[in-house]
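Chemist: Whatever this is, show me its structure:
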Amino acid sequence: MAWNTLDDMDLEGKRVLTRVDINVPMEDGRVTDSTRIERIAATVQTILDKGGKPVLLAHFGRPKGERRDDMSLRHLIPAMEDVLGVSVVFAADCIGPAAAAVIDALGENQVALLENTRFHAGEEKNDPDLVAGMAALGDIFCSDAFSAAHRAHASTEGLAHALPSCAGRLMQAELEALESALGTPERPVLAVVGGAKVSTKLELLGNLVAKVDMLVIGGGMANTFLAAQGIDVGKSLAEHEMTDTAKDIMTKAEAAGCRIILPVDVVVAREFKEGAENETVAADACPPDAMILDAGPQSVETIIEAIDEAATLIWNGPLGAFEIAPFDAATNAAAKHAAGLSEVGKLVSVAGGGDTVAALNKAGAASGFSYISTAGGAFLEWMEGKTLPGVAALEAGD
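Modeler: Got it, this is the predicted structure:
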């Protein structure tokens, strides 16, 4: 992949328009999880170290072109100053003379934060006039919001064509991790895909069977695949209307030489609640009044053997109902094993999307993985083999 990083740019004295994702959760006007702010710190510090002026562009919520005080980025300033350790100066717009004045007045160790880009209807339409208005405020564009790179918006895609552009540290890390997992990976490659529905991950599964050597299917999706083989899954969550699709994916996998790994034993219960009475049965022996809520110990053993065999692991989604014990056992065991191998350099492991981060955190395994993406939709679209506009614009070398 050919794109510039901050190391390729002369930033001395330059205004660096930096698109970040600081769409953090808030409660009663306070940031409740500052992870996304923490993840932009390296980029901000690099720009300051290289003598540049960091000018942060970001969206917050879905204001749909309207100015809404509850979605103003000014509420994030205390948390940002605390995490970044610098003074954050706010501009009440992301274009125009007032924003320009704030940027021009920036002193040493100060960062400009421009108001929510989505207060302008032109942001989501990639409006050329809005792009020009933003571009007038900067000399260089730094893209550091991989999580928004699947959107062709003014501040994610348009600006990359309007100014000399580069990837920030977080964008660089995401792209390098994903390239190592799906672009030119060390083989064998194992993908673990879990979650509730086949229908939401059709393109993902279709793309993966052509690219990986082994594919573990878990969660509610596995029930649909079991049903496609004529197995009675009782009252389990399953998309019976998707069984033909599941068969097609298995056929495609066989043709591509990709081994699909489904549960051989399952943990079943009559009710979905913490500590519910449960039993482990063969995958084809689910009682008609029970539901499958996790993969069983034999299945976990098979998954661990596949992880041992793999050189690269891509993980998306839990293997069971990880939110409640004891149906988190399979996810926890497999995740901890993958984390352990990654920590000693025997496995490159990349995970992301949906409930994945929550499941790996709950398992105490997230810190051991080679890379955890918090990008959600962009991570999934990359895994599906789609072109992300915000990345393609950087690769174009504009």
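Chemist: and the helix or strand hosting E305, which residues are buried?
Modeler: Using DSSP states H and E, E305 sits in helix 297-309. Residues S299, V300, T302, I303, I304, A306, I307 are the ones in helix 297-309 that count as buried (16 or more other CB atoms under 10 Å). Quick note: C-beta positions are derived from backbone N, CA and C, even for glycine.
Chemist: can you pull out the strands in the stretch 101-250 of the chain?
Modeler: For the stretch 101-250 of the chain, strands defined by DSSP state E, counting those that start in this stretch occupy the ranges 110-114, 140-143, 165-167, 189-193, 214-217.
Chemist: For E12, find the nearest of those.
Modeler: Closest approach to E12 among the strands of the stretch 101-250 of the chain (CB to CB): strand 140-143, 10.9 Å.
Chemist: Between the strands of the stretch 101-250 of the chain, which one is closest to T331.
Modeler: Nearest to T331 among the strands of the stretch 101-250 of the chain is strand 189-193 (9.4 Å), distances taken as CB to CB.
Chemist: got the buried residues for that closest one?
Modeler: V189, L190, A191, V192, V193.
Chemist: same question, stretch 222-241
Modeler: Neighbour-count burial for stretch 222-241 flags 222-228, 231, 233-234, 236-239 (criterion: 16+ other CB under 10 Å).
Chemist: Can you flag which of these belong to helices?
Modeler: A222, N223, T224, F225, L226, A227, A228 (DSSP state H).
Chemist: Check those against H337 and report the nearest one.
Modeler: Distances from H337 to these, taken as CB to CB, are shortest for A222 (18.6 Å).
Chemist: so what's that closest one up against?
Modeler: When contacts are counted by CB atoms under 8 Å, 6 or more residues apart in numbering, A222 touches G194, L262, P263, I292, A295.
Chemist: any idea which helix or strand of the protein has the worst average confidence?
Modeler: Least confident helix or strand, the chain: helix 377-383 with a mean of 84, by mean pLDDT, DSSP states H and E.
Chemist: elements contacting that one?
Modeler: In terms of contacts (3 or more CB pairs under 8 Å, 6 or more residues apart in numbering; DSSP states H and E), helix 377-383 is packed against helix 202-208, strand 312-316.
Chemist: And those: which comes nearest P288?
Modeler: Ranked by CB to CB, the member of these that lies closest to P288 is helix 202-208, at 27.9 Å.
Chemist: Return the residues in contact with N23.
Modeler: R36, A58, H59, F60, G61.
Chemist: mind putting the strands of the stretch 101-250 of the chain in TSV, distance to D69 and mean pLDDT included?
Modeler: Putting these into TSV (distance: least, CB to CB, whole Å; pLDDT from 0 to 100) gives the following:
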stretch	distance to D69	mean pLDDT
strand 110-114	16	98
strand 140-143	28	98
strand 165-167	32	97
strand 189-193	41	97
strand 214-217	46	98
